[in-house]
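**Student:** okay, structure incoming, though there's no sequence with it:
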């Protein structure tokens, strides 16, 4: 009898011990298993992202548009690359519009893009953002055809994923611009969102062959096909991303006495997805460097002259590297002119200084070279600068 009782107790203890071990193992498995990526989206493959988790804007992902010439819309701001206007802070991209004098403008802001670094044909493009507010304020998340340097706007195509103007505080607009339907004739629609300046929302398009759809927080509000536009459908080639915060312009109008500055466009993340059967390769393609930098002088009929710089970019085998963004600067008798652009199919870009009557020594130096999938090997450059003296 005592023997049987002991066996029963041992059996109970064994079962309890097994249950404890199972509970511990399940707990460990739950803790140690990989957490699902919050960016995962059924039916789509994530091909590019920027979560803005670093300390500064990643130059491998973004370049700046700089200047204050109105940008084709009579905008009032000057775009800069200063941290006062564009920065990464607490896991957010911050684009700040400020009321301040700057190079003959009274406002400053920021505009960044993936041009020359990344471009995609088809996919889902989304950003989680909190928008600024006020009359004359105009944030935008949009795309341009990557062939814009060879095929000027609007023939290159434009896809406006999200546009918002402060005088319409509850409307989010989605639009396309192309040949025969550009500017105020763009094809678009809007949806109403009541709290865009108080909280974050996800703004997206899903772009597939012969169809583009617009979403806010995964709710579709607009769709177009080739039959929707009054001209040519130009959405079948690579486009790059842009995000900016404009002040004033023909559409939003100028700021007024009710507009508060500074204003902030806050971006939590940007993500690009593609269907598994349409994923474009983004693997490393090699190493590139400057094959040469040559400055020459061009005499003009009006008695002025200007410097002309030719930059050649090649890979490790000496082959030309097209669509590479080259950035540089002028020093000397002429200090202004074209300072950046993309190389052509021959790996060549030609940059002109402004015409000048003042003669002397002019130098052009390349400061940066970027292209998606390539590493820039500065040590392999033939040279970074060249100069010419004009008497």
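**Tutor:** That came through, no problem. Here the structure is a predicted model, which is why all the values come from computation and not from measurement.
**Student:** drop to CA atoms for contacts and neighbour counts, all remaining ones
**Tutor:** Noted.
**Student:** what separation do you get for residue 242 and residue 230?
**Tutor:** 25 Å (C-alpha to C-alpha, to the nearest Å).
**Student:** between those two, who's got more neighbours?
**Tutor:** residue 242 (21 against 15; other C-alpha atoms under 10 Å).
**Student:** quick one, what contacts that one?
**Tutor:** By C-alpha atoms under 8 Å, 6 or more residues apart in numbering, the contact list for residue 242 reads 111, 112, 113, 114, 140, 141, 142, 143, 144.
**Student:** skipping adjacent residues, who's closest to the third one in space?
**Tutor:** Taking C-alpha to C-alpha, 6 or more residues apart in numbering, and ignoring the residues beside it in sequence, residue 113 has residue 242 as its nearest neighbour in space, at 4.2 Å.
**Student:** give me the element that neighbour is part of.
**Tutor:** strand 239-247 (DSSP states H and E).
**Student:** how about the next helix or strand after that strand: buried residues?
**Tutor:** Remark: after strand 239-247, the chain's next helix or strand is strand 263-274, criterion DSSP H and E. Within strand 263-274, the residues that count as buried by 16 or more other C-alpha atoms under 10 Å are 263, 264, 265, 266, 267, 268, 269, 270, 271, 272, 273, 274.
**Student:** ok, residue 234 to residue 154 distance?
**Tutor:** Residue 234 is 9 Å from residue 154, where distance means C-alpha to C-alpha.
**Student:** now the common contact residues for those two.
**Tutor:** In contact with both residue 234 and residue 154: residue 178, using C-alpha under 8 Å, 6+ apart.
**Student:** distance check, the residue lying closest to residue 349 once chain neighbours are set aside against residue 356.
**Tutor:** Setting aside the residues directly before and after it, residue 349 is nearest to residue 343 in space (C-alpha to C-alpha, 6+ apart), at 4.6 Å. The gap separating residue 343 from residue 356 is 26 Å, by C-alpha to C-alpha.
**Student:** so the two - more neighbours on which side?
**Tutor:** Between residue 343 and residue 356, residue 343 has the larger neighbour count (other C-alpha under 10 Å), namely 21 against 17.
**Student:** hmm, that one is touching residue 321, no?
**Tutor:** Yes: counting by C-alpha atoms under 8 Å, residue 343 touches residue 321, with 7.4 Å between them.
**Student:** what touches both of those two?
**Tutor:** Joint contacts of residue 343 and residue 321 (C-alpha under 8 Å, 6+ apart) are residue 313.
**Student:** outline the domain layout of the chain.
**Tutor:** 45-278, 286-390 (automatic domain parsing).
**Student:** ok now the shortest one, how far from the chain's centre?
**Tutor:** In this view, domain 286-390 has its centroid 24 Å away from the chain centroid, taken as C-alpha atoms, centre = their mean, to the nearest Å.
**Student:** what's the first-to-last distance across that domain?
**Tutor:** Terminal residues of domain 286-390 are spaced 39 Å apart (C-alpha to C-alpha).
**Student:** if we can go back for a sec, and residue 24, which of the domains of the chain is closest to it?
**Tutor:** Among these, domain 45-278 comes nearest to residue 24, with 34.2 Å by C-alpha to C-alpha.
**Student:** now the end-to-end length of that closest one.
**Tutor:** 9 Å.
**Student:** go on, stretch 334-350?
**Tutor:** First-to-last residue span, stretch 334-350, C-alpha to C-alpha: 16 Å.
**Student:** on that earlier part again, export the buried residues of strand 263-274 to CSV and tack on distance to residue 97 and pLDDT?
**Tutor:** Output for the buried residues of strand 263-274, formatted as CSV (distance: C-alpha to C-alpha, whole Å; pLDDT from 0 to 100):
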residue, distance to residue 97, pLDDT
263, 5, 98
264, 6, 98
265, 8, 98
266, 12, 98
267, 14, 98
268, 18, 98
269, 20, 98
270, 20, 98
271, 24, 97
272, 26, 97
273, 30, 96
274, 33, 95
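**Student:** find the residue ranges of the chain scoring beneath the pLDDT cut-off.
**Tutor:** Where the chain drops to pLDDT under 70, the residues are 1-13, 16, 20, 22-23, 26-36, 280-285, 372-373.
**Student:** done for today, thanks.
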